[in-house]
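Trainee: Predicted coordinates and the sequence they were generated for:
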Amino acid sequence: MTLNLLTIAAALLAVMGKVNLAARRAQLGIGLQAIGWVCLLLSGVAGAGSLGDRLLSTLAMAGIAAGLAYSAMAFDLWCGRRASSRAPAVIAAVMTAGYGIGFQHYAFRVGWANGLLALQLALVAWTLCRQPLTPVGRWRWLLVISLLVQLLVTASRGVLGAFYTAQFPNFFAPHPANILFALAANVTVVMSLAGILLAHREEAARELERLANTDGITGALNRRAWSAQAVAIVADSQRLQQPLCVLLLDLDHFKDINEAQGHETGDKALKLLVQGMQSVGGERNVVCRYGGEEFCVLKRGADPAAMRAYDQRLRDWLAAAGPRELGIPLHYSAGIATLLDQRDSLDAMLRRADSLLYSAKMLGRNITLDDAALESGVEFK
């Protein structure tokens, strides 16, 4: 068991390479458990009941329990949850303290440690059983099975040690429970390694997909990814006969910002614009960097009035955020196009929006035009 954990800890460090927070938590979890088992083995060398035995055994419990707590954090992150449950960490601290204090009472310390470790294993398994906030593969069930097997064996050892102490004198005794534990541990360690590597690979694939679909500077969707989503949204809107609008905008005087303030400020201006587009909108908005300083937002279920209201909120937001964050005013020119009928298309909508955007620039910039506005000569600022 100890050798397996040490090997796996080294393998995870070597194979994973540069990793994110979730994978780092998983590596720490395995590493701490390995250290815990090393301490447990060393405690068997120290004299039974000695200070060395007490110290090493307590450190062993701390390492194993802390490792499980870090594993729970990793699993939460892999399932899309940013706020991890604190319960496994609290149990680790309480179990270690109680184990050290009651070390001289063998039945107590065995029942206490194994009982709380079993509870901790149950909580970690529950972390994986909860509905993930991001789509995940079957690796979590591999880990759940591994954790449940460990839970059953650990709980049985706790019961035997606490209530049938004479039949179960110590961890190193050739008792069937210890033999079963050793067999289960070796199997579950391999299952856990497979689950962790699959989870890491899945997350790496998601990250590659995110990088392929998003703009590197602003974090908005890139044109290709946005277009793929937008085509499907247009089709759904036509099928359901729901309104749909697109807003194509261009940040005014962006070249002047780059030349006068530097490209770093220019990039910050683009980021701020996207932040505003997302902040004043809702979940039904799909935002992208269309190219250069041009951005696009597709608003589902929105008629021209709703899109103009969105446009006004964005202008108000930028009017406050630009001077506050960058020390310069930010405004844009834009065109609004509406989905007309079943024969309309995304490309046609974008052409109309682009034409209106061009007209807005010709009229002096810092205005938004739609079909009705252009026909009547009304300007929306």
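Mentor: Cool, the structure landed. Numbering: from 1, shown residues only.
Trainee: What backbone torsions are found at the residue lying closest to Arg54 once chain neighbours are set aside?
Mentor: Nearest non-adjacent residue to Arg54, counting by CB to CB, 6 or more residues apart in numbering: Phe103, 4.8 Å away. In this view, the C-beta of every residue, glycine as well, is placed from N, C-alpha and C. Dihedral pair for Phe103: phi -60, psi -40, per degrees, to the nearest 10.
Trainee: So Phe103 versus Leu56, what's the distance?
Mentor: Using CB to CB, to the nearest Å, we find Phe103 at a distance of 11 Å from Leu56.
Trainee: what ranges do the helices span in the stretch 51-200 of the chain?
Mentor: Per DSSP state H, counting those that start in this stretch, the stretch 51-200 of the chain carries helices over the ranges 51-78, 87-101, 106-129, 139-163, 176-213.
Trainee: Report all helices and strands that the second one contacts.
Mentor: Translated: helix 87-101. Where contact means 3 or more CB pairs under 8 Å, 6 or more residues apart in numbering; DSSP states H and E, helix 87-101 is packed against helix 51-78, helix 106-129.
Trainee: quick one, domains of the chain?
Mentor: 2-212, 223-376 (automatic domain parsing).
Trainee: Can you report phi and psi for Gln238?
Mentor: Dihedral pair for Gln238: phi -70, psi -40, per degrees, to the nearest 10.
Trainee: what's around the nearest residue to it once chain neighbours are set aside, how many residues?
Mentor: Spatial nearest neighbour of Gln238, excluding adjacent residues (CB to CB, 6+ apart): Gln342 at 5.4 Å. By other CB atoms under 10 Å, 8 other residues sit near Gln342.
Trainee: Make sure Gln342 is indeed in a helix.
Mentor: No: assessed with DSSP: H, G, I helix; E, B strand; the rest coil, Gln342 is coil; it does not lie in a helix.
Trainee: Tell me if I'm right that it and Leu240 touch.
Mentor: No: in this structure, Gln342 is not within contact of Leu240 by CB atoms under 8 Å, at 11.6 Å.
Trainee: circling back: shouldn't the residue nearest to Arg54 be in contact with Ser57?
Mentor: Yes: with contact defined as CB under 8 Å, Phe103 reaches Ser57; the gap is 6.7 Å.
Trainee: Compare the two (neighbour count), which wins?
Mentor: Ser57 (23 against 19).
Trainee: which of the helices and strands packed on helix 87-101 is buried the deepest?
Mentor: helix 51-78 (a mean of 22; mean count of other CB atoms under 10 Å).
Trainee: Which other helices and strands does that helix contact?
Mentor: Against helix 51-78 (3+ CB pairs under 8 Å, 6+ apart) you get helix 21-45, helix 87-101, helix 106-129, helix 139-163, helix 176-213.
Trainee: Next, the angle from that helix to helix 87-101.
Mentor: For helix 51-78 against helix 87-101, the angle by axes from the mean of the first three to the mean of the last three CA atoms, to 10 degrees is 180 degrees.
Trainee: now helix 51-78, how far from the centre of its chain.
Mentor: 24 Å (CA atoms, centre = their mean, to the nearest Å).
Trainee: Next: stretch 74-91.
Mentor: Computed by CA atoms, centre = their mean, the chain-centroid distance of stretch 74-91 equals 11 Å.
Trainee: now do stretch 195-206
Mentor: 12 Å.
Trainee: Just put the helices and strands packed on helix 51-78 in TSV and tack on distance to Leu272.
Mentor: Compiled in TSV, the helices and strands packed on helix 51-78 are given as follows (distance: least, CB to CB, whole Å):
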stretch	distance to Leu272
helix 21-45	26
helix 87-101	38
helix 106-129	37
helix 139-163	38
helix 176-213	21
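Trainee: Relative to Asp76, which of the ones you listed is closest?
Mentor: The minimum distance between Asp76 and the helices and strands packed on helix 51-78 falls on helix 106-129, with 5.7 Å, by CB to CB.
Trainee: helices or strands up against that closest one?
Mentor: helix 51-78, helix 87-101, helix 139-163.
Trainee: Among the ones you listed, which one carries the weakest average confidence?
Mentor: Here the helices and strands packed on helix 106-129 differ in mean pLDDT, and the lowest is helix 139-163 at a mean of 90.
Trainee: what's the weakest-modelled helix or strand in this structure?
Mentor: Of all helical and strand segments in the chain, the minimum by mean pLDDT, DSSP states H and E falls on helix 2-16, at a mean of 62.
Trainee: part of a helix, is Val335?
Mentor: In this structure residue 335 is Gly, not Val. No: looking at Gly335 with three-state DSSP, it is strand, so not inside a helix.
Trainee: In contact with it, which residues?
Mentor: When contacts are counted by CB atoms under 8 Å, 6 or more residues apart in numbering, Gly335 touches 247-249, 352-360, 368-370.
Trainee: Go again with 6 Å.
Mentor: Counting by CB atoms under 6 Å, 6 or more residues apart in numbering, Gly335 makes contact with 248, 353, 356-357, 369.
Trainee: now Ala353
Mentor: Contacts of Ala353 by CB under 6 Å, 6+ apart are 246, 248, 335, 337.
Trainee: let's see 8 Å
Mentor: Each residue near Ala353 by CB under 8 Å, 6+ apart is listed here: 246-248, 296, 335-337.
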